[in-house]
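**Student:** With the input below, show me the fold.
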Amino acid sequence: MKNKLIGVVRLNVLEMFIKDIKETIKKVLLEGKVLRLYQRMRSCSVLILAYHSVSENRDGQADYINSGITTEAKRFDEQMSILRKEFYPVTLDEIADWINGSRSLPSRSVAVTFDDGFADNYHIAAPIMEKYDIRGAIYLTIDSVQHRKLPWFCRTVFLFQQAKRQNQVLTDSEIKRTWNLGNPKENREAFIYYSYPCAKLVGEELENYVEKLEKWFGYGIDSTMSPSMIDFEQARELRRRGHLIGNHTLSHGNLAHIPPESLHHEIAGANEILERELGERVEHFSYPHPCLDPQWNNNTLEETKKLGYKTAVLTSFGSVFRNSSPLLLPRLMIANPNAFEFRWKLETALAGIQT
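**Tutor:** Okay, here's the model as predicted:
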């Protein structure tokens with residue numbers, strides 16, 4: 001027992017030592033401008049950052065919006081300050097013009113985007129961006145905005161988070177499986193198992209499936225207690241303040257996996273509603289990627305071409321180059337990094353390195 005304990009201590013010390021070395025190397029690379037030198041050796045590229053929720057209470061809302069897609073308000077403020085001081089904030093309109101050759105952009109240009117359309121984008125994120133004279137693109141999930149309901153993936157997160165806390169045991173007679181949802185591993189397996197079908201459904205079928213889950217669990221989200229979605233009046237105001245409003249489909253399904261006959265309605269139908277509410281053409285689109293790969297295919301690409309979008313963004317990692325397809329633009333996913341890690345993510349991404 002004593003030898004085992006000594007071995008564990010030595011292993012922990014070694015892991016801490018390796019971590020310290022890694023952090024030191026990262027600091028040397030950043031402070032020594034090594035990454036910037038490497039960036040100059042590559043073709044000029046720009047970055048598109050992908051956010052979701054910005055909250056004053058990241059942990060408190062985790063039962064509704066997974067903390068993996070939420071950024072603390074203080075950290076977001078810190079990140080926007082860094083973006084203004086050390087990079088060159090641009091809009092997706094400017095990136096689209098740069099790709100088609102009608103304008104130039106300085107090196108280290110970065111755009112900010114938000115998926116889903118959570119109300120905190122209006123209440124918290126937009127004022128912080130405006131403080132640093134930055135304008136973002138906010139993509140709305142139209143059914144959720146219209147019906148004042150969180151998207152389906154938030155509703156399933158809530159079910160399984162509550163079930164874990166309550167140590168629920170649920171039996172699915174159809175697959176002859178009993179789930180101990182108080183067990184983190186089983187909870188995660190069950191969450192994935194019941195979430196994947198949602199990504200393949202849209203509209204009424206999706207709503208029926210989620211309502212069936214809520215009935216099975218015996219509860220659902222109380223909208224008076226949960227985070228909310230942007231409304232169309234707020235979206236119009238954000239446009240007046242210089243932000244872009246884009247389309248994130250009607251139902252937030254994975255477009256490469258939903259029934260082909262639903263594809264046009266999910267994109268064009270959402271676009272029609274959004275254009276009517278905004279009183280202007282919608283020119284930017286964001287692919288949902290709740291689960292399952294891939295998130296796009298040739299049919300989805302053709303649909304975005306027909307609608308005449310200037311840009312369509314993905315969740316795949318990468319920089320944007322002059323020869324990038326404007327309808328398949330990669331992004332850098334941002335969760336909740338501190339100032340140092342935020343700099344590291346952006347500098348390495350501009351150098352073509354995924355970290």
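
**Student:** What distance do you get for residue 223 to residue 154?
**Tutor:** Between residue 223 and residue 154 the distance is 11 Å, computed by C-beta to C-beta, to the nearest Å. The way it works is simple: take the backbone N, C-alpha and C, and place the C-beta from them, glycine included.

**Student:** Name the residue in the two with the higher neighbour count.
**Tutor:** residue 154 (24 against 13; other C-beta atoms under 10 Å).

**Student:** what about that one, which helix or strand?
**Tutor:** helix 152-165 (DSSP states H and E).

**Student:** can you give me how far that helix is from the chain middle?
**Tutor:** Taking C-alpha atoms, centre = their mean, to the nearest Å, one finds helix 152-165 lying 18 Å from the centre of the chain it belongs to.

**Student:** Rounded mean pLDDT for that helix, please.
**Tutor:** Average pLDDT, helix 152-165: 97.

**Student:** Please state the backbone phi and psi of the closest residue to residue 318 other than its chain neighbours?
**Tutor:** Once flanking residues are discounted, residue 318 sits nearest to residue 330: 3.2 Å by C-beta to C-beta, 6 or more residues apart in numbering. Here is the backbone geometry of residue 330 (degrees, to the nearest 10): phi -80, psi 160.

**Student:** Domain ranges for the protein, per the record?
**Tutor:** Each domain of the chain is listed here as a residue range: 2-32, 46-148+227-350, 152-217, per automatic domain parsing.

**Student:** Would you indicate which residues of stretch 204-213 are buried?
**Tutor:** Within stretch 204-213, the residues scored as buried using 16 or more other C-beta atoms under 10 Å are 205, 206, 207, 209, 210, 213.

**Student:** Who are the contact partners of the fourth one?
**Tutor:** Neighbour list for residue 209: 197, 198, 201 [criterion: C-beta atoms under 8 Å, 6 or more residues apart in numbering].

**Student:** Hmm, the last one is touching residue 257, no?
**Tutor:** No - under the criterion of C-beta atoms under 8 Å, residue 201 makes no contact with residue 257, lying 9.4 Å away.

**Student:** Neighbour count for the two, which is higher?
**Tutor:** Taking other C-beta under 10 Å, residue 201 and residue 257 do not tie; residue 201 has more neighbours (21 against 16).

**Student:** How is that one assigned, secondary-structure-wise?
**Tutor:** Following DSSP: H, G, I helix; E, B strand; the rest coil, the label given to residue 201 is coil.

**Student:** Give me the pLDDT value at residue 132.
**Tutor:** As predicted, residue 132 sits at a pLDDT of 98.

**Student:** Next, give phi and psi for residue 230.
**Tutor:** Torsion angles, degrees, to the nearest 10, at residue 230: phi -60, psi 150.

**Student:** burial of it, as a residue count?
**Tutor:** Neighbour count for residue 230, taken as other C-beta under 10 Å: 25.

**Student:** Let me see the contact set for it.
**Tutor:** Residue 230 touches 117, 118, 119, 121, 122, 138, 140, 145, 238, counting by C-beta under 8 Å, 6+ apart.

**Student:** Closest to residue 179 out of the contacts of residue 209?
**Tutor:** Looking at the contacts of residue 209 and their distance to residue 179, the nearest is residue 197, at 15.6 Å (C-beta to C-beta).

**Student:** Which strand or helix spans the closest one?
**Tutor:** Here residue 197 is assigned to helix 184-199, by DSSP H and E.

**Student:** pLDDT of stretch 226-239, averaged?
**Tutor:** 98.

**Student:** nope, stretch 251-268 is what I meant
**Tutor:** 97.

**Student:** Next: stretch 174-189.
**Tutor:** 96.

**Student:** Just the strands from this structure, written as ranges.
**Tutor:** Applying DSSP state E to the chain gives strands spanning 45-51, 53-55, 70-72, 88-89, 109-114, 137-140, 169-172, 177-180, 244-247, 284-286, 311-313, 320-321, 332-333.

**Student:** what would the ones you listed look like in CSV with mean neighbour count?
**Tutor:** Rendered in CSV, the data for the strands of the chain read as follows (neighbours: other C-beta atoms under 10 Å):
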stretch, mean neighbour count
strand 45-51, 23
strand 53-55, 25
strand 70-72, 23
strand 88-89, 17
strand 109-114, 25
strand 137-140, 27
strand 169-172, 13
strand 177-180, 15
strand 244-247, 24
strand 284-286, 25
strand 311-313, 26
strand 320-321, 19
strand 332-333, 18
